[in-house]
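Enquirer: Here is the input, now give the coordinates:
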Amino acid sequence: MSERRYDPTHIEPKWQEIWARERTWEVSNDPASMDGREKAYVLEMLPYPSGEPHIGHLKNYALGDAIAHFHRRIGQRVLHPMGYDAFGLPAENNAIKTGVHPRVATDRSIASYRYWFHRWGISIDWSRELGTHEPSYYRWTQWIFLKLFERDLAYKKTAAVNWCPHDQTVLANEQVIDGHCERCGHLVEVRQLEQWFFRITDYADRLLDDLDVIDWPEHVKAMQRNWIGRSEGAEVVFRCEDLDPAHPIDYPVFTTRPDTLFGATFFVMAPEHPDVFTLAEGTPNEREVHEYVNRAINESPEQRGAADKPKTGVPLGRTVTNPVNGEAIPMFVSDYVLMEYGTGAIMGVPAHDQRDYEFATAFDLPILPVVVPAERAEDADDIAAEEGAFTAHTENEVLINSGPFTRMNAIEGQRAIVDWLDREGKGHFSVSYKLRD
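Expert: The predicted structure follows:
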């Protein structure tokens, strides 16, 4: 008996034609069409229409198609639409590479995707097809932006970007390869440019609270809580008068341990901080600061924050005033400070933070313990002379070398110092998030 083989060129076009003619996968919005079935929404990542579909697309959409069919088989009404992420870097790069106008190239690519999705038999509701480059689509992104702007949820501020001086354009992190522009190979530098931000931090507490009422695995909810990263502490103002004494600049710092303020002996800014270049301008280290910042931005936050990474930095040639004791402390830029947390600047307390301690030893900066176990409070003079970072835990600890707050319990000292800062207009209680606008 001859073996019968599956012939896709004969069988599949037949059924694909039937599905298209009968509009099998279309789902109407008409309330009259609702039949009481549970609804399901299946959406794969929209492809970039900047070339031909390849095996990776087949893999991705075959999986999505299987999920859509599964939900249909268990009786659900499935919406499985299709769209194309047509704006942005892939389309731009494709136009440069091929010399074809972006609109023409995009339309050709979409036609190719549409052809192959039909050939593959992916169960897509083609009545829902869209492209992000079409006015019928992006009018709604503009509408959403205007609504956010009206409610003060969209605002402008200056922030650091990767800049290619040859191509005169901003680059995404993915376009920077070993510090160079992937397109032209030119050395990338940091520039501070005005940009739009969305004020998502206004919703941080709601995001946290809602984790208590959703049915997610606990380890996933823990990851979300860590990503939002809520911390209570104080925002403390360090003042710089070096640039213009008549118009000093206030630099706020967020700290969860305001009781260690008297131990702050230096001040460090993230390489992305918008004032770094301004502060370095005209100082002997100006060129070195620029070179350091341009190197630092090409490392990931994980690389920069690695515990075993040697602490590096450059003096900014300026000082700020520690608000609790009036002492002028030196300013630095260092890659171990991240713009993503707090205000992008920290007070260096080397006696009570391991990273600050390593930085202080690298730059020969003072190390002054200000929090010790209660039983060692009488040894304040000896402790002050010791070297090494003491971990401050708060419980059963007292303050030393802390002016009028010396001998206070550390918890009471925290409250007293924050109250004093508030009365003096030099700080206040604050909540900070790892989540950023």
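Enquirer: Where do the helices of the stretch 101-250 of the chain begin and end?
Expert: With DSSP state H, counting those that start in this stretch, the ranges of helices along the stretch 101-250 of the chain come out as 102-120, 135-150, 204-210, 218-228.
Enquirer: Then the stretch 251-400 of the chain?
Expert: Counting by DSSP H, counting those that start in this stretch, the helices of the stretch 251-400 of the chain are 276-280, 286-296, 301-304, 354-362, 380-385.
Enquirer: so for the longest one, what's the average pLDDT?
Expert: Taken as a whole, helix 286-296 has an average pLDDT of 93.
Enquirer: Pull out the buried residues from that helix.
Expert: Judged by neighbour count using 16 or more other C-beta atoms under 10 Å, the buried positions of helix 286-296 are Glu286, Val289, His290, Tyr292, Val293, Asn294, Ala296. In this view, the C-beta of every residue, glycine as well, is placed from N, C-alpha and C.
Enquirer: Who are the packing partners of it?
Expert: Counting contacts by 3 or more C-beta pairs under 8 Å, 6 or more residues apart in numbering; DSSP states H and E, helix 286-296 packs against strand 189-198, helix 276-280, strand 314-321, strand 328-333.
Enquirer: Now render these as TSV, adding mean pLDDT and distance to Gln142.
Expert: Listed next are the helices and strands packed on helix 286-296 as TSV, based on pLDDT from 0 to 100; distance: least, C-beta to C-beta, whole Å:
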stretch	mean pLDDT	distance to Gln142
strand 189-198	91	13
helix 276-280	95	34
strand 314-321	97	41
strand 328-333	98	38
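Enquirer: and of the ones you listed, who's closest to Thr260?
Expert: Closest to Thr260 of the helices and strands packed on helix 286-296 is strand 328-333 (C-beta to C-beta; 13.6 Å).
Enquirer: Next, the angle helix 286-296 makes with that closest one.
Expert: 50 degrees (axes from the mean of the first three to the mean of the last three C-alpha atoms, to 10 degrees).
Enquirer: List the buried residues of strand 328-333.
Expert: Ile329, Pro330, Met331, Phe332, Val333.
Enquirer: again with stretch 184-193
Expert: Buried residues in stretch 184-193, counted by 16+ other C-beta under 10 Å: Val188, Glu189, Val190, Gln192.
Enquirer: list the contacts for the second one?
Expert: Listed by C-beta atoms under 8 Å, 6 or more residues apart in numbering, the contact set of Glu189 reads Trp163, Pro165, His290, Asn294.
Enquirer: Quick check: the third one vs Ala204, distance?
Expert: Spelled out, that is His290. Distance from His290 to Ala204, counting by C-beta to C-beta, to the nearest Å: 34 Å.
Enquirer: hang on, the earlier thing: could you dump the helices of the stretch 101-250 of the chain to CSV with mean neighbour count?
Expert: Output for the helices of the stretch 101-250 of the chain, formatted as CSV (neighbours: other C-beta atoms under 10 Å):
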stretch, mean neighbour count
helix 102-120, 16
helix 135-150, 11
helix 204-210, 13
helix 218-228, 12
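Enquirer: who wins for proximity to Ile417 among those?
Expert: Comparing the helices of the stretch 101-250 of the chain against Ile417 with C-beta to C-beta, the closest turns out to be helix 204-210 (25.1 Å).
Enquirer: Pull the residues that contact the closest one.
Expert: Contacts with helix 204-210, where a contact means C-beta under 8 Å, 6+ apart, come from Gln224, Arg225, Ile228, Arg230, Tyr433, Leu435.
Enquirer: Could you work out the most separated pair of those?
Expert: Between any two of the contacts of helix 204-210 (C-beta to C-beta), the greatest distance is 12.3 Å, for Gln224 and Tyr433.
Enquirer: which of the residues in stretch 245-259 are buried?
Expert: Ile249, Tyr251, Pro252, Val253, Phe254, Thr255, Arg257, Pro258, Asp259.
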